[in-house]
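>>> fold the following, please.
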Amino acid sequence: MRPTRKAKILLGFAVVVSAVILLAADKKPKPANADTASNGATQMDQDKKVRHALSRLTFGARPGDVDKIQAMGLDRWLEEQLHPERIDDSALESRLFPFRTLRMSTHEMVQDFPSQQVVRAVQNGRMSMPSDPGERAIYQTRIAAYQQQQEAKKNNNNNNGNDDANAGDMKADDQSANQDMPETKAARKRREARMYAKEDIPQLLEMPPDQRYQSILKMSADERLALKGSLKGEQGTELLDGMNPQQRETLQAIVTPQAVVGGELAQAKLMRAIYSERQLEEVMTDFWFNHFNVFIGKGPDRYMLTAYERDAIRPRALGKFKDLLFATAKSPAMLFYLDNWQSVGPNSELAIYGPQRRRRMNTGFGRPFGGPFPPKPNAQQAKKRPSGLNENYAREIMELHTLGVDGGYTQKDVTELAKVLTGWSIQQPQLGGDFTYNERAHEPGKKYVLGHEVKENGEKEGAEMLDVLAHHPSTARFISKKLAMRFVSDDPPQTLVDRMADTFLKKDGDIREVLRTMFRSPEFWSPESYRAKVKTPLEFVASAARASGVDVQNAMPLVQALNRMGMPLYGMQPPTGYSMKAETWVNSSALLGRMNFALQIGAGRLRGSAVNPQALLRGPAPQDSAAALTALEGEILAGDVSPQTHAVIQKQLDDPQVTQRKLDDPDQGPNYGVIAGLIMGSPEFQRR
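As a prediction, this is how the structure comes out:
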């Protein structure tokens, strides 16, 4: 399909935007001299300081935020953000209430939204079918889907098993042969179910929500499975309209149970970023999740991430680093993601004797009490032994979580730390189990990590080494630099990093105190740092939603927009997390995607969201596009727009192929939505 004139013009604008941002990204902020600390905070005027604080410590300014902070005082606002427990966030909680999974344990989510493994266990009689009608409908439908998959797989295998010599002839006759084959009973039931579901949809849509829900539950599993295509898109929205959260989740789980869990988690993250009054807490929660990254696509981690972010990270985002490190280390999500739950010491009881045989008590006199040593396992038994020592987590905890790649550790330290952490495991991870310590998997004897002797002490060995890592000078420097990269610049001044690291060591890794040191630094308020950081896709989407004052009722279109921009939430597979540097996110294709999103949200064309662009304007409404552009630049960007950007936007506004009508038409007035969208697609808005 050939691009339209409108698309070509927007692409040209995006290329201009890209060039401007690339030039700006190459201009690294000049570090302020530490001697100017006494007057560094006055380098920006008060209005600019407020806008700078909003751009760095929140997901972007909303209409009225600047006036609010100026009225209460910047220092007071900063202190309030450092203590989120003092801020009422009940309005956000009301928006999050429909997402039941946010309040569930991992085990409850696995039960209510079963994985394929759990479904098979119920089908094979190893687990019982739930009694709740909604849950029962989910299991029955997913079992029917599994049976269809198995039948299709069997038929496919039978076809593939034909003699190679006849394969060509049979392939040619395959279609006619299939037409002549008698319809199986199962196939006939599915065909009838599809017909029934298709015919029944209009009747369902006429029913009240409760009756509609009960009617779907009363269908056969095949009928519900046939209905699943209608539970997507606009028709799906109609079918779910008016139902309570649990009813909607149940019907969505009939299609894909696990997607309900991941979808609610992703939507909640965006809703928090857009609507939370505790903005610094949200920024720091995102920062620490990215630092202690876990990938949602790895097996049961899709169920574990909700509790990981809710229970391990969020409550400690502004606390002591050692507490955060301990919580992530014992989280089932981290243990599964980096495979430590399967790590077995090479000389442990489990490695030597296997999972089925427990060694008898050793008296210390050369043999177990009451008899000889158990025989060593034979070859068949050896195959059933668990896997050996796994160094994944030990390596990443030093390279990515604490010391940094140049933190002074060796491969020997990695191996020894992996031995220390053997036995830190999960009880039944596929069923949402919690942390457990498996003594039989723990490597016995002394270990030596970073010159530190770790005496044999079971589970406490791991706690001892986590404490050493949390208080190491290399950790203080690494964490301080990474925080400065997030809040100050891609290449932060070493003087600032050193002061933050000094606070980290003196204040026992108190994250709140480290941030205070940064906020009070001249480097943070340096004019060169103003709008010098390029937003990640998440920061861009959230800031555009906040700037436009959009009312988001369904955040899934925002989640899908992030997928297209290359930053799926919880979707970074490597443990490095997403990059914070401009070079990762600046290219013409990515910026065209941002421009299209900005135009969608500004013009109110984003599904699930409603916006009133005219509400952005204070005072008399401008009568032509030029005046509207100037007014909206003032509201959205505080007038911080280059002459080049202003001219490029004005040129687009004068072209009816872009705006679809003249924006200075006296009968219709300026199209504020398109103007706001073009401003949010500008290079100035792309930076924070």
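>>> local confidence estimate at the spatially closest residue to residue 392 that is not a sequence neighbour?
With Cβ to Cβ, 6 or more residues apart in numbering as the criterion, residue 392 has its nearest non-adjacent residue at 4.4 Å, and that residue is residue 338. (C-beta placed from N, C-alpha, C; glycine too.) pLDDT, residue 338: 97.
>>> wouldn't residue 109 be in contact with residue 303 here?
Yes. Taking contacts as Cβ atoms under 8 Å, residue 109 lies within contact range of residue 303: 4.9 Å.
>>> who has more neighbours out of these two?
Legend: neighbour count by other Cβ atoms under 10 Å for residue 109 and residue 303, higher for residue 303 (29 against 25).
>>> and that one, helix, strand or coil?
At residue 303 the chain is in helix, as set by DSSP: H, G, I helix; E, B strand; the rest coil.
>>> now the strand or helix carrying residue 495: buried residues?
Assigned by DSSP states H and E, residue 495 belongs to helix 494-506. Within helix 494-506, the residues that count as buried by 16 or more other Cβ atoms under 10 Å are 495, 496, 497, 499, 500, 501, 502, 503, 504.
>>> how about the contacts made by residue 593?
For residue 593, the contact set (Cβ atoms under 8 Å, 6 or more residues apart in numbering) comprises 561, 564, 565.
>>> tell me if it really is in a strand.
No. If the criterion is three-state DSSP, then residue 593 is helix and not within a strand.
>>> separation between it and residue 101?
29 Å (Cβ to Cβ, to the nearest Å).
>>> just to revisit the earlier point, what is the nearest of the buried residues of helix 494-506 to residue 621?
residue 496 (44.8 Å; Cβ to Cβ).
>>> the closest one touches residue 484, doesn't it?
Yes. Using Cβ under 8 Å, residue 496 makes contact with residue 484 at a distance of 5.6 Å.
>>> any shared contact partners between those two?
With Cβ under 8 Å, 6+ apart, residue 496 and residue 484 have common neighbours 518, 523.
>>> helix/strand/coil for residue 388?
Classification of residue 388 using three-state DSSP returns coil.
>>> that one: neighbouring residues, count only.
Neighbour count of residue 388, defined by other Cβ under 10 Å: 13.
>>> tell me how far it lies from residue 352.
With distances taken as Cβ to Cβ, residue 388 is found 11 Å from residue 352.
>>> do residue 304 as well
Plainly put, residue 304 is 31 Å away from residue 352 if you go by Cβ to Cβ.
>>> okay, the contacts of residue 593 in JSON lines with distance to residue 235 next?
Below are these laid out as JSON lines (distance: Cβ to Cβ, whole Å):
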{"residue": "561", "distance to residue 235": "22"}
{"residue": "564", "distance to residue 235": "23"}
{"residue": "565", "distance to residue 235": "27"}
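>>> of the residues you listed, which is the most crowded?
residue 561 (22 neighbours).
>>> which parts of the chain belong to which domain?
Taking automatic domain parsing as the domain assignment, the ranges for the chain are 5-27+533-686, 103-154+186-259, 278-358+382-470.
>>> out of those, nearest to residue 71?
domain 5-27+533-686 (15.4 Å).
>>> what about that closest one, average pLDDT?
81.
>>> the residue lying closest to residue 273 once chain neighbours are set aside: how many residues sit nearby?
Nearest non-adjacent residue to residue 273, counting by Cβ to Cβ, 6+ apart: residue 542, 4.0 Å away. Neighbourhood size, residue 542 [other Cβ under 10 Å]: 28.
>>> so, low pLDDT: which residues of this structure?
By pLDDT under 70, the low-scoring segments of the chain are 1-43, 158-199, 229-234, 356-387, 656-668.
>>> show me where it has its strands.
Ranges of strands within the chain are 424-426, 435-437, 447-449, 452-454, 551-552, 609-610, based on DSSP state E.
>>> please identify the deepest-packed of the ones you listed.
strand 424-426 (a mean of 23; mean count of other Cβ atoms under 10 Å).
>>> list of residues touching that strand?
Here strand 424-426 has contacts from 329-330, 332, 335-336, 340-343, 433-438, 441, 459, 462, using Cβ under 8 Å, 6+ apart.
>>> is it possible to mark the buried ones in those?
329-330, 332, 335-336, 340-343, 433, 436, 438, 441, 459, 462.
>>> of the residues you listed, which belong to helices?
Of those, the ones assigned to helices by DSSP state H are 329, 332, 335, 336, 459, 462.
>>> got a list of what the third one touches?
For residue 335, the contacting residues are 341, 393, 424, 425, 426, 435, by Cβ under 8 Å, 6+ apart.
>>> change it to 10 Å
The contact partners of residue 335, by Cβ atoms under 10 Å, 6 or more residues apart in numbering, come to 294, 301, 304, 328-329, 341-343, 393, 421, 424-426, 429, 435-436.
>>> and residue 677, how far from residue 544?
9 Å.
>>> neighbour count winner among the two?
residue 544 (29 against 26).
>>> quick check, that one in contact with residue 562.
No. Applying Cβ atoms under 10 Å, one finds residue 544 not in contact with residue 562, separated by 11.6 Å.
>>> ok, longest helix in this protein?
helix 133-160.
>>> what helices or strands is that one leaning on?
If you count contacts as 3 or more Cβ pairs under 10 Å, 6 or more residues apart in numbering; DSSP states H and E, helix 133-160 packs onto helix 106-112, helix 116-123, helix 167-180, helix 185-206, helix 209-218, helix 221-227, helix 245-255, helix 257-275.
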